[in-house]
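J.: Next one to model:
(chains A and B)
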Amino acid sequence: MVDLPDPMAEIRAGFFVECDDLLENLTDALTMPGFALPGSEAVHSAFRAVHSIKGGAAAFGLNAVVAFAHEVENCLGLLRDGQARFAPGFTDHLMRAADHLGDLVDAARQGLIPPEGGHKLLAGMQPCAPASGAPATDAPPAAAWLVSMVPGHTFYATGNEPLHLLNALTELGEATVVCDTTALPTLEDMDPETGFLRWQIAFGAAVDEAALREVFAFVEDICALNIARQTPDGRADHPIPANAHRDPLVMPAAPSGDAASVRVDLARIDRMMNLVGEMVIGQSMLTQALARSGLARHSALTLAVENLGAMTAEVQEAVITLRSQSVKPLFQRMARILREASQALGKPAAMVFLGENTEVDRSIIERLADPLTHMIRNAVDHGLETPAERRAAGKSECGTITLSAAHRSGRIVIELSDDGKGIQRDKVRKVAVQKGLIGADDTLTNDEMDMLLFRPGFSTNVAVSAMSGRGVGMDVVKAALLALGGRISLHSDPGQGCRFTLSLPLTMAVLDGLVVRAGGQTLVVPLAAVLETAAVSGAAMRDHVDGKKLIRLRGQHVSSCDLAKTLGFACAAPPGGRAIAVLISDEDDRRVALIVDEVLDQRQVVIKSLGRNCGQVPGVAAATILGDGRVALILDPGALFRLASHEIRAASPSAPSAVRLAG
Amino acid sequence: MAFPATSYQPPAPDQTAEFLAFLVRGESFCIPITSVREIRTWSDPTPLPLSQPALRGVINLRGVVLPILDLGLVLGLADAGQVPRPVVVVVDDGARLAGLMVDRVINILALPLGSLEPPPAVLAPGAARLQALALHDGQFLRILDPAALLPDRIGELQ
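T.: Model (predicted):
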């Protein structure tokens, strides 16, 4: 028996996905310049987002969300209509309210108890001057109105019901509603999916214009609308063109603001990606077979296959971009982390985004959140000075954290910079000596000194603060990035600030690899771990130390590991006694030279998980499929180190045999 | 496996089930046909590091990395030397896929469920991997349990 998916659960899931978009719109609107101006597009947009969240949440009985959204909506409503003035810090409060709304939605999504704190936020959002002393100048006195409403095709197609609007209107005050049926064709000619009725609503008593317009808030662009003041003789005076330029019955399908998009299950994209990967392999097998067939290079068949190859590569690229998303939601999350951190530490700071529309594979974005969060907290805690210090240094009291994203040579580069005090190298040195990371007399270049920050167990902050310094440091950030196939570097100008540069692959689905041969097998070494390759002769191999063979590379001795032997492959001696050393480093910057027979190629390979069918395999992170259709293993440098050192200690039975594999 | 009360009916003794019969090291075994995904000709697998001999390596099954088990070694049968052209039976135990290397496939048998007997508690080679025994044409057939052959055990093979 197959469990049928619960249709309600699907709708619910859809609502939460929509909420994410709406919350993004809301944050966008709140950060738009001119947001606080009454009637600005930004405030309208924010209002609509909150209103939609409220509406959806009400349908699912998410009372905590509804109640809070309602308060925020009221507040935005006052702002939109210019009916109240707010204190200058009001936008910050709204921002935090938006964060809280996001938390409430998240809690509802996971079925958790809604977080507290809403009341405190709301208290900060009360208008400081209701109606701002001179309401009459802005808001014209409420008067009698004549409304004409002509719903178009889209109005009905999107599930609206004129009756609800009419009911809402008549609740505002006593009104006379006249339905105009003159446009109604005969039954034979009638298109049943189009509306032909028009309504005239005349309000007898004075009604507030804002309230009137709010009724139409969701249909104003799909319904021809005319709101005019009534003259004493009952006729419309200077009509206010709500959207008078539109043809009443022919409405555009949808407002052009958001580009058309489809939600697709990730599993389907992955399946497609798999198949396209197979197609690429099939294509390269075809090319190889053709090359062996002895056909002329310019024969029609060869050219056709080449052409197909180019197209296949393009299809693969296109499929990879399907998984891509803009980094904007991630950046917005980081802006929130900054708000919280700067509030908690009393260091005002603003965030600047650059290139937030850059697209990256979704799985990378997900795994960047934790390292970035940590780095931003660090930047506020250790990087930025206190307002007093900043003033003394001639800087503005409010610090600036810049988060930028850009595509650069097939990778994504994310930079996080602050305008704080920079790295205090003398302090770093002292701590490093104290913790035994360096000797007291060691001379280090500035770069080497800065890189000490990434060493395990390093933390310069004397007092462990609530924000950073939870026993995890930049070494954890570095390890997380390495696991993603990324690199991190750091540049610091004392007194000017500090900049971290993160370089990441565009997708987790492909990897830059060095294709090598050892023990008759083809293997892939992740290029991110490779420092250099060099030809070695037997003479360069030195004596054993602790069972390790040492090798001399660029004037330094490095321990070496015979890859074929370490992996347990039959090792035939390489022809002519020559071998290649591939120098790799792991996340702790330990180095080892892998001795291989040949280096074949450097290229991007498609990563295939071994997980489900094979479980964990020692020394191996994943697999890929080569041009000839065979499987080649992708090595895991970290696990290789452990294997190599285990091999050396193999004599002692107590040596741990557990091997961790990067996932 | 739990069946909803309404759809489950105990098998009638005269109901039949189909089994794939094949030769391993010259001995015949069966496996329920419902667990067989496909049968492939041999292609040299890529060996995995530090694995036991029974795990021959992995092959590419249309984009999926498929482990290949030497069924003769898994069952602890005497090595009769490399078969010239072995065959891979791709089995699915509901959670994972693996390829079983066998000498050759014999045929598909329909056996009455009533003729199946639980495996004896004898310490014959590979007895733990058996699901049932059946008498067919005066001959005992050994029916393998796919779940007892597959991946959970692959960790043990390393």
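
J.: Can you report how many residues lie near the residue in chain B that chain A sits nearest to?
T.: Across chain B, no residue is closer to chain A than B:P49, which sits at 3.6 Å (Cβ to the nearest Cβ). All C-beta spots, glycine's among them, are computed from the backbone N, C-alpha and C. Using other Cβ atoms under 10 Å in any protein chain shown, B:P49 has 24 other residues around it.

J.: I'd assumed A:R578 was in contact with A:S537.
T.: Yes - using Cβ atoms under 8 Å, A:S537 makes contact with A:R578 at a distance of 6.5 Å.

J.: Check the average confidence over stretch A:507-522, would you?
T.: Stretch A:507-522 carries an average pLDDT of 84.

J.: So is it next to chain B?
T.: Yes - using Cβ under 8 Å from any Cβ of the partner chain, we find that stretch A:507-522 touches chain B at A:521-522.

J.: Centre of the chain to that stretch, how far?
T.: 29 Å (Cα atoms, centre = their mean, to the nearest Å).

J.: Can you check the distance spanned by it, start to finish?
T.: Using Cα to Cα, to the nearest Å, one end of stretch A:507-522 lies 23 Å from the other.

J.: quick one: buried residues of that stretch?
T.: By 16 or more other Cβ atoms under 10 Å in any protein chain shown, the buried positions in stretch A:507-522 come out as A:507-519, A:521-522.

J.: now, which of the residues you listed sits nearest A:E220?
T.: When the buried residues of stretch A:507-522 are compared for distance to A:E220 (Cβ to Cβ), A:T507 wins out at 41.8 Å.

J.: Thought A:R323 was touching the closest one, still the case?
T.: Yes - applying Cβ under 8 Å, one finds A:T507 in contact with A:R323, separated by 6.7 Å.

J.: can you list residues touching both of those two?
T.: Contact criterion Cβ atoms under 8 Å, 6 or more residues apart in numbering or on different chains; residues shared by A:T507 and A:R323: A:361, A:363.

J.: Check which element follows the helix or strand of chain A with the lowest mean pLDDT along the chain.
T.: Least confident helix or strand of chain A, by mean pLDDT, DSSP states H and E, is helix A:135-138 with a mean of 38. Note on helix A:135-138: by DSSP states H and E, the next helix or strand toward the C-terminus is strand A:145-151.

J.: Give me the distance from that next one to the chain's centre.
T.: For strand A:145-151, the separation from the chain centroid amounts to 44 Å (computed by Cα atoms, centre = their mean).

J.: Quick check: what element follows that strand along the chain?
T.: Next helix or strand after strand A:145-151 toward the C-terminus (DSSP H and E): helix A:153-157.

J.: how about the strands in chain B?
T.: Under the criterion DSSP state E, chain B contains strands at B:16-24, B:27-32, B:36-41, B:55-61, B:64-70, B:87-92, B:97-102, B:104-112, B:116-117, B:130-136, B:139-144.

J.: among these, which is nearest A:L184?
T.: For these, proximity to A:L184 was assessed by Cβ to Cβ; strand B:64-70 is nearest, at 61.8 Å.

J.: List the neighbouring strands of that closest one plus their orientation.
T.: Using DSSP bridges, the strands paired with strand B:64-70 are strand B:55-61 (antiparallel), strand B:97-102 (parallel).

J.: Reformat those strands as a markdown table; add distance to A:A644, mean neighbour count and mean pLDDT.
T.: Listed next are the strands paired with strand B:64-70 as a markdown table, based on distance: least, Cβ to Cβ, whole Å; neighbours: other Cβ atoms under 10 Å in any protein chain shown; pLDDT from 0 to 100:
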| stretch | distance to A:A644 | mean neighbour count | mean pLDDT |
| --- | --- | --- | --- |
| strand B:55-61 | 22 | 23 | 90 |
| strand B:97-102 | 29 | 24 | 92 |
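
J.: Using JSON lines, lay out the ones you listed together with distance to A:S52.
T.: Converted to JSON lines, these look like this (distance: least, Cβ to Cβ, whole Å):
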{"stretch": "strand B:55-61", "distance to A:S52": "47"}
{"stretch": "strand B:97-102", "distance to A:S52": "45"}
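
J.: Which elements pack onto the longest helix seen in chain A?
T.: In chain A, with assignment by DSSP state H, the single longest helix is helix A:266-292. When contacts are defined as 3 or more Cβ pairs under 8 Å, 6 or more residues apart in numbering or on different chains; DSSP states H and E, helix A:266-292 packs onto helix A:300-322, strand A:620-625.

J.: Distance check, the residue lying closest to A:D419 once chain neighbours are set aside against B:L23.
T.: Excluding the flanking residues, the one nearest A:D419 by Cβ to Cβ, 6 or more residues apart in numbering or on different chains is A:G497, at 4.3 Å. Distance of A:G497 to B:L23, computed by Cβ to Cβ, to the nearest Å: 73 Å.
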